[in-house]
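S.K.: please work out how this folds:
(chains A and B)
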Amino acid sequence: MNDYNFAYLDEQTKRMIRRALLKAVAIPGYQVPFASREMPMPYGWGTGGVQVTAACLTPEDVLKVIDQGADDTTNAVSIRKFFQRTAGVATTEHTGEATLIQTRHRIPETTLHEGQILVYQVPIPEPLRFLEPRETETRKMHALEDYGLMHVKLYEDIARHGVIATAYAYPVKVEGRYVMDPSPIPKFDNPKLSDSAALQLFGAGREQRIYALPPYTTVVSLDFEDYPFEPTKADHACALCGSAESYLDEVIMDDAGGRMFVCSDTDYCATRRAEQDKSSAKI
Amino acid sequence: MDAISLQGGFAEAAPEAARAFRAVLNAMARPGTVEPVAGARPPAPLSMAAGVVLLTLADTTTPMHLAPSHDLPVVRDWITFHTGAPFVAAGRAVFALGDWAGLAPLDRFPIGTSEYPDRAATLIVEVAALAPATHRLTGPGILDAAQLRLPGGEAARLNAGRFPLGLDLILCCGDRLAGVPRTTKLEAL
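M.R.: Numbering: from 1, shown residues only, chains lettered A, B, ... in the order given. Next up is the predicted model:
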């Protein structure tokens, strides 16, 4: 396979993305503008994440791609195949074996370790965008550390619903400075952002922004003293592996209201079930 | 232009630049980590590591400032041939290359603006050694604390108190490099 440059992008583009990534790492939580390229997939399919992954991949990497925690959904499969074809890298579904994980909207349940890179696909990188549509204004707000509007939004949640109803893309503050959108991960995953051993990179293709969390960076979910942040999940255990700790997907089973809750992280669930099968086989 | 300027680039640009970038990325993301790099054979006084950084990150869109220690025809020719980066005064530099004494005073370099803190220079500093450590490093990327040898005592005050603005350093020594992003807090040991 030599029809494409290694990892699809040309070297000039990779240098531009790499420079943006280094500045993103040096200023945790700040959104670095970059000249996002057209990718051979539509916006909304992870073009930002794909470009970050392409700029970071080495031939020795082992790549894992997940979409909402699953390795076997359309988005994950197509991106994994894209890099198999254009970079020739090894791929895996096991979180622990991967050196680079591209994710859409989940952080794996298995704790990440040093030497791993987690690349997020980000639709709207600006946490203040739905409160203030003008880029010139949000840029000024970040410069002045003027995040009062975000707290008003969370307060209005409480006034209207009695709790902070924001369930995903829950805003965080990085190292006491920049308010950041963690991408639409469930707020259940927010605590895993902080002090992770892995390097976390965020790419927004359509919006042309890259940002980053270096390892061991303090990330705090915004909240109030009397309404502290609470990571939430469906109040069930996984119907397949029985885990009470993992984040669950609700699956509709029939048209009579039947439903089941299963782990959203397919690798975590499959690994647990394999271990259970092994131990029950011994008995 | 001497023939020496035409040599010493990456033999296989894509994979070698990819490996080099991962080393630089890891160095920046984990200050105090010393990363080996390979692939470039730049002319003296450029170190192999500085050559690798230039081949990996510099191109026609990155104005470059050379400190007197490195403002030599052979270095200019090598950088021009391999990267095409234009040479500029310190105030417009995206990258600056040189030894610590030659780069001073550091307030000449852009440190970004409050709205665009990323528009700050990256200093590629040639150092004689990365050990023994002279400073204790804390901050993002570091579990508890790390240690590193910095080229000068004044380096510790470099970015103090002006985050998110500041300069980012890549320290190059032979075939190894280390990163000191602006977030790193430095204390003399």
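
S.K.: residues from chain B in reach of chain A?
M.R.: B:13-15, B:17-19, B:21-22, B:24-26, B:28-30, B:56-59, B:61-62, B:94, B:113-118, B:120, B:122, B:140-143, B:163-164, B:166, B:168, B:181-183 (C-beta under 8 Å from any C-beta of the partner chain). For glycine as for every other residue, the C-beta is placed from the backbone atoms N, C-alpha and C.

S.K.: switch to 7 Å and redo it
M.R.: Within reach of chain A by C-beta under 7 Å from any C-beta of the partner chain, chain B has these residues: B:13-15, B:17-19, B:21-22, B:24-25, B:28-30, B:56-57, B:59, B:114-115, B:117-118, B:140-143, B:163-164, B:168, B:181-183.

S.K.: what packs against the longest helix anywhere in chain B?
M.R.: Assignment by DSSP state H gives helix B:13-29 as the longest helix of chain B. Judged by 3 or more C-beta pairs under 7 Å, 6 or more residues apart in numbering or on different chains; DSSP states H and E, the packing partners of helix B:13-29 are helix A:11-26, strand B:35-36, helix B:48-57, strand B:176-180.

S.K.: please, where are all the strands along the chain?
M.R.: This is for chain A. A:32-33, A:62-67, A:90-91, A:100-104, A:117-121, A:172-174, A:178-180, A:199-204, A:209-213, A:219-221, A:248-252, A:259-263 (DSSP state E).

S.K.: oops, wrong one, chain B.
M.R.: Under DSSP E, chain B gives strands at B:35-36, B:64-66, B:95-99, B:122-126, B:135-138, B:146-148, B:168-173, B:176-180, B:185-188.

S.K.: adding mean neighbour count, distance to residue A:4 and mean pLDDT, write the ones you listed out as TSV.
M.R.: Formatted as TSV, these follow (neighbours: other C-beta atoms under 10 Å in any protein chain shown; distance: least, C-beta to C-beta, whole Å; pLDDT from 0 to 100):
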stretch	mean neighbour count	distance to residue A:4	mean pLDDT
strand B:35-36	16	28	97
strand B:64-66	23	30	97
strand B:95-99	24	29	97
strand B:122-126	25	29	97
strand B:135-138	19	40	95
strand B:146-148	19	39	96
strand B:168-173	25	30	97
strand B:176-180	26	29	97
strand B:185-188	14	43	92
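
S.K.: residue nearest the centroid of the chain?
M.R.: With no chain named, the answer covers chain A. For chain A, residue A:120 is the residue whose C-alpha lies nearest the centre (C-alpha atoms, centre = their mean; 3.8 Å).

S.K.: chain B was what I was after
M.R.: Judging by C-alpha atoms, centre = their mean, chain B has its centre closest to residue B:124, at 2.1 Å.

S.K.: who's in contact with that one?
M.R.: Shown in contact with residue B:124 (C-beta atoms under 7 Å, 6 or more residues apart in numbering or on different chains): B:50, B:53, B:95-97, B:170, B:172.

S.K.: count the neighbours of the closest residue in space to residue A:66 that isn't next to it in sequence for me.
M.R.: Closest residue in space to residue A:66, ignoring its immediate chain neighbours: residue A:103 at 5.0 Å, by C-beta to C-beta, 6 or more residues apart in numbering or on different chains. Neighbours of residue A:103 under the rule other C-beta atoms under 10 Å in any protein chain shown: 24.

S.K.: let me know the pLDDT of residue A:103.
M.R.: Note on residue A:103: pLDDT of 97.

S.K.: which residues touch it?
M.R.: A:66, A:118-120.

S.K.: distance of the residue nearest to the centre of chain A from chain B?
M.R.: 15 Å (C-beta to the nearest C-beta, to the nearest Å).

S.K.: that residue against residue A:204, yeah?
M.R.: No - assessed by C-beta atoms under 7 Å, residue A:120 is found out of contact with residue A:204, at 9.1 Å.

S.K.: residue A:119 and residue A:214: what is the separation?
M.R.: Distance from residue A:119 to residue A:214, counting by C-beta to C-beta, to the nearest Å: 14 Å.

S.K.: how about the residue nearest to the centre of chain A, what does it touch?
M.R.: Here residue A:120 is in contact with A:49, A:103, A:183, A:200, A:202 (C-beta under 7 Å, 6+ apart).

S.K.: try 6 Å
M.R.: Counting by C-beta atoms under 6 Å, 6 or more residues apart in numbering or on different chains, residue A:120 touches A:103, A:183, A:202.
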